[in-house]
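Engineer: okay, here's the prediction I keep looking at, along with the sequence it came from:
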Amino acid sequence: MVNGHEPDIDSRVAAVRLMDDGAIALTVQLSNFSPGTPVEISGYVTQPSGAFARFYEVSRVPFPDPASPDSPVQLMVSVPATRLAENEDITVIARVAEVWSTVLERDVPGPSAEPWAASPTEETRGVSPPARARATWTFRRANRLGQLPPAQWDE
């Protein structure tokens, strides 16, 4: 087990395509994310000769093919043009993480509001005088479990 979960042996970069314009198209296979969930995909492509390209994309996990609903789904990720050597192997380091957004409402300062809160680490380091918070935002109410509606998430 990894962090309380079975290892995800079906998620991987399944294919890399070098396009005519030098751009790279990655096919990322996912198996443990719910369809429609926003995910952040980041990493880099490298070759022994020194070619290197970073990538970052936020996308939604597609719904599985109804003909094979238990099969892993695939996302396409575009990587900007770089000079890959066609005759060398490629190493791809990729991270995929679930993404969520939370709406926090601005607190109205009041007489009982604590002007600052120091962590135990700050207190033991003797941070003095403490900085005062000029504004505070707090999660107050759930909207789709604290998340923005899908239509607003992509804006």
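Structural biologist: In hand now; what should we look at? Numbers count the residues shown, from 1 in each chain.
Engineer: which SSE is the residue lying closest to Tyr44 once chain neighbours are set aside in?
Structural biologist: Leaving aside its chain neighbours, Tyr44 sits nearest to Arg54 (4.9 Å; criterion: C-beta to C-beta, 6 or more residues apart in numbering). Placement of C-beta: from N, CA and C, glycine included. Per DSSP states H and E, Arg54 falls inside strand 52-60.
Engineer: summarise which helices and strands the helix or strand just after that strand is packed against.
Structural biologist: Once strand 52-60 ends, the next helix or strand along the chain (criterion: DSSP H and E) is strand 73-79. Strand 73-79 is packed against strand 24-30, strand 38-46, strand 52-60, with contacts defined by 3 or more C-beta pairs under 8 Å, 6 or more residues apart in numbering; DSSP states H and E.
Engineer: between the second one and strand 52-60, how big is the angle?
Structural biologist: Same thing as strand 38-46. Strand 38-46 runs at 170 degrees relative to strand 52-60, counting by axes from the mean of the first three to the mean of the last three C-alpha atoms, to 10 degrees.
Engineer: also the first one?
Structural biologist: Angle of strand 24-30 versus strand 52-60, following the same axes, to 10 degrees, is 50 degrees.
Engineer: mind listing what's buried along strand 24-30?
Structural biologist: 24, 26, 28-30 (16 or more other C-beta atoms under 10 Å).
Engineer: again with stretch 36-56
Structural biologist: For stretch 36-56, by 16+ other C-beta under 10 Å, it's 38-39, 41, 43, 45-47, 53, 55.
Engineer: dump it to CSV, restricted to CA.
Structural biologist: Presented in CSV, the C-alpha positions along stretch 36-56 are these (Å, rounded to 0.1, in the frame of the first residue of the first chain):
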residue,chain,number,x,y,z
GLY,A,36,-15.0,14.9,-14.6
THR,A,37,-12.5,15.6,-11.9
PRO,A,38,-10.1,18.5,-12.6
VAL,A,39,-6.5,17.3,-12.5
GLU,A,40,-3.2,19.0,-12.8
ILE,A,41,-0.6,17.3,-15.0
SER,A,42,3.0,18.4,-14.8
GLY,A,43,6.4,17.2,-15.4
TYR,A,44,9.2,17.1,-18.0
VAL,A,45,10.5,15.1,-20.9
THR,A,46,14.2,14.5,-21.2
GLN,A,47,16.8,12.6,-23.4
PRO,A,48,20.3,11.5,-22.7
SER,A,49,21.7,14.1,-25.2
GLY,A,50,20.3,16.8,-22.9
ALA,A,51,16.9,17.7,-24.6
PHE,A,52,14.5,18.9,-21.9
ALA,A,53,11.0,20.2,-22.0
ARG,A,54,8.6,21.1,-19.1
PHE,A,55,4.9,20.7,-19.3
TYR,A,56,1.9,21.8,-17.2
